[in-house]
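Participant: predicted structure and sequence below. I'll ask about it afterward.
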Amino acid sequence: MAPQISPSILSADFARLAEEIARISGSADWVHVDVMDNHFVPNLTLGLPVVQALLDHSPLPLDCHLMIEDPDRWAPEYAEAGAKSVTIHAEAAKAPIRTLRTIRAAGARAGLGVNPATPVDGFEDLLGEIDMLLLMTVEPGFGGQKFLDVVLPKVRRARELIKGRDLPVWLQVDGGVSAETIERCAGAGADVFVAGSAVYGADDPAEAIRNLRAQAEEATAKANW
Ligand SMILES: O=C(CO)[C@@H](O)[C@H](O)COP(=O)(O)O
Ligand SMILES: [Fe+2]
């Protein structure tokens, strides 16, 4: 699949979210929405009512990343509200298969997220239940952190597992993705790139996205996965 860019609004101006989305609507593929509950991660951002409001204003599909303690309870509601992609964390879900199936049944893409220290090998058998695997490349909870190179072998491993099973599962990297790191991610097999500070910290977010995409495309072509 051609690389996709999913800018995170965590680094946008929370008082002007609809306008911040409008700034990237011609250049991004998705809008990445980080839902944090101050339990699964030590930060509190936004929840279902704000996502419902954004759905009325966003020309781009929403890619909701749920960093919450009880995704089994809440994930289906995001999908039913109209989010096109809903990712739950493997470390938090108590009934991941049921929840992933419920997300899909509601018409959304089902994502499974894993923290930097969580191995992907244990989730091999779940690959058929998901549309996207999200690999955190920082510890979840905050934007603007330094990319963790230590996760790159796992990105490669995940791509091998997906390829080995010949499944159309997207591989998303999230955290510290920038002009300095995106080529390494694409080279390791990632094809969906979340970037918060690298996009919204730039003077021209649309140009930053175009540059990230060009870098990802070049590295993907070279890697030839
Ligand atoms: O899920 C998270 C953080 O927990 C991410 O989506 C970050 O918001 C990405 O921000 P940058 O690291 O690109 O600034
Ligand atoms: Fe995220």
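Facilitator: Now that the structure is in, tell me what you want to look at. Residues are numbered from 1 along each chain as shown. Ligands and ions are numbered 1, 2, ... in the order given.
Participant: going by C-alpha atoms from here, please, whenever you check contacts or count neighbours.
Facilitator: Noted.
Participant: ok, which residues in this protein are in contact with ligand 1?
Facilitator: Proximity of the chain to ligand 1 (Cα under 6 Å from any ligand atom) is limited to residues 8, 10, 34, 140-145, 174-177, 195-198.
Participant: filter those residues to the buried ones?
Facilitator: Buried members of the residues of the chain next to ligand 1, scored by 16 or more other Cα atoms under 10 Å, are 8, 10, 34, 140-144, 174-177, 195-198.
Participant: cross the residues you listed against strands and list the overlap.
Facilitator: Judged by DSSP state E, these include D34, D174, A195 as members of strands.
Participant: correct me, but the second one touches V138?
Facilitator: The one in question is D174. Yes. Counting by Cα atoms under 8 Å, D174 does reach V138; the two are 7.3 Å apart.
Participant: what do these two both touch?
Facilitator: Residues touching both D174 and V138 (Cα atoms under 8 Å, 6 or more residues apart in numbering): none.
Participant: strands along the chain, start to end?
Facilitator: 4-7, 31-36, 62-67, 85-89, 109-114, 132-136, 170-174, 192-195.
Participant: which of the ones you listed sits closest to A214?
Facilitator: Proximity to A214, assessed across the strands of the chain by Cα to Cα, is greatest for strand 4-7 (10.6 Å).
Participant: now do the closest one: everything it contacts.
Facilitator: Strand 4-7 is contacted from outside by 28-32, 63, 191-196, 199, 209, 212-213, using Cα under 8 Å, 6+ apart.
Participant: list just the nearest of those residues to P71.
Facilitator: Set against P71, the nearest of the contacts of strand 4-7 by Cα to Cα is D63 (14.9 Å).
Participant: which residues touch that closest one?
Facilitator: D63 is in contact with S6, W30, V31, H32, V33, A83, K84, S85, V86, T87, counting by Cα under 8 Å, 6+ apart.
Participant: likewise for I103?
Facilitator: A75, P76, A79, E80, V86, R109, A110.
Participant: by neighbours, which of the residues you listed wins?
Facilitator: Among the contacts of I103, the one with the most neighbours (other Cα atoms under 10 Å) is V86, at 30 neighbours.
Participant: hang on, isn't that residue packed against Y78?
Facilitator: Yes. With contacts counted by Cα under 8 Å, V86 reaches Y78, the gap being 7.0 Å.
Participant: shared neighbours, those two?
Facilitator: Any residue near both V86 and Y78 by Cα under 8 Å, 6+ apart counts here, and that gives C64.
Participant: how near is L161 to ligand 1?
Facilitator: Here L161 is placed at a distance of 23 Å from ligand 1 (Cα to the nearest ligand atom, to the nearest Å).
Participant: do P119 as well
Facilitator: For P119, the distance to ligand 1 - Cα to the nearest ligand atom - is 18 Å.
Participant: on that earlier part again, mind giving me the PyMOL command for buried ones among the contacts of D63?
Facilitator: Remark: buried members of the contacts of D63, expressed as a PyMOL selection using 16+ other Cα under 10 Å:
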select buried, resi 6+30+31+32+33+83+84+85+86+87
